[in-house]
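S.K.: After the sequence you'll find the predicted model.
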Amino acid sequence: MNVLVVEDERNLADAIVRILSDGGFNADAVYDGNAGLSSARSGLYDVIVLDVMLPGIDGFEVVHQLRRDGDSTPVLMLTARTSTTDKVEGLDSGADDYMTKPFEAPELLARVRALSRRHGEVVLDEMTFADIRLDLTTHDLSCDDRTVHLSGKEFDVMSMLMSSSSRVVSKQDLLTRVWGADADASENSVEAYISFLRKKLAHIESKVQITTLRMLGYRLEYFGD
Ligand code: CA
């Protein structure tokens, strides 16, 4: 379970990372709102612990932008302030839970555990992008009435591209997320699956293509009207 910690007070950020690591999570910290948003968008994290008051864009804006992009990663917001206005604004902006600083380690762990379970239970039936639909239960990819079935890894790669919308997904992120600890996998494995998916997109006559951005990665682009 990977947790992203976005907190500008470095001592506190490091303490949270330590608490989470001791609790069995993999935790990474970043120290401002913009870095928080781009890390959150990597798709690598299962839960985000997000401070409200941050340099750059604040925590409310980070979660607002994620939700606007359709990203449902659970967010636990942290703030030093105790006003209920902040709590309401935090939950309105799309945060899932709220915790006031200072807090005790067991409380943080309990809340992050609860959120990580909740994420696992989120049931979505399908994802869509431009003219394509991906059925999350059957792993069928469709365009109009044409359908093709995706294998396990093809599905993982395609769902990651679709959940990133038109943003670039790096080969390394695909490798980490889809192949995980499989030491035999390499960037060639990613290229092979991208090639399979391109053939399947052509087969269902979708106007969506997977474009390669040299040195950066891949993204979905729609070449329709
Ligand atoms: Ca802060």
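M.R.: Received the coordinates, thanks. Numbering: from 1, shown residues only.
S.K.: can you list the domains in the protein?
M.R.: In terms of domains, the chain is parsed into 2-118, 126-222 (source: automatic domain parsing).
S.K.: could you dump those to CSV with distance to the ion?
M.R.: Just so you know, the C-beta spots here come from the backbone N, C-alpha and C atoms, and that holds for glycine as well. CSV is the format used below for these (distance: least, Cβ to the ion, whole Å):
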stretch, distance to the ion
domain 2-118, 4
domain 126-222, 26
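S.K.: Looking at these, which one is packed in the most?
M.R.: When the domains of the chain are scored by mean count of other Cβ atoms under 10 Å, the highest mean neighbour count falls to domain 2-118 (a mean of 18).
S.K.: Where do the helices of the protein begin and end?
M.R.: Assigned by DSSP state H, the chain shows helices spanning 10-22, 33-40, 59-68, 84-92, 105-121, 152-163, 171-174, 187-203.
S.K.: Make CSV out of the ones you listed and add mean pLDDT.
M.R.: Formatted as CSV, the helices of the chain follow (pLDDT from 0 to 100):
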stretch, mean pLDDT
helix 10-22, 93
helix 33-40, 96
helix 59-68, 92
helix 84-92, 66
helix 105-121, 80
helix 152-163, 90
helix 171-174, 89
helix 187-203, 95
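S.K.: of all those helices, which lies closest to residue 4?
M.R.: Among these, the nearest to residue 4 by Cβ to Cβ is helix 33-40 (5.4 Å).
S.K.: Show me what that closest one is packed against.
M.R.: strand 2-6, strand 26-30, strand 47-51, helix 59-68 (3 or more Cβ pairs under 8 Å, 6 or more residues apart in numbering; DSSP states H and E).
S.K.: now the helices of the chain as TSV including distance to residue 78?
M.R.: Converted to TSV, the helices of the chain look like this (distance: least, Cβ to Cβ, whole Å):
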stretch	distance to residue 78
helix 10-22	8
helix 33-40	12
helix 59-68	8
helix 84-92	10
helix 105-121	9
helix 152-163	25
helix 171-174	26
helix 187-203	35
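S.K.: Spell out which residues sit in contact with residue 43, please.
M.R.: 160, 163-164, 169, 173, 177 (Cβ atoms under 8 Å, 6 or more residues apart in numbering).
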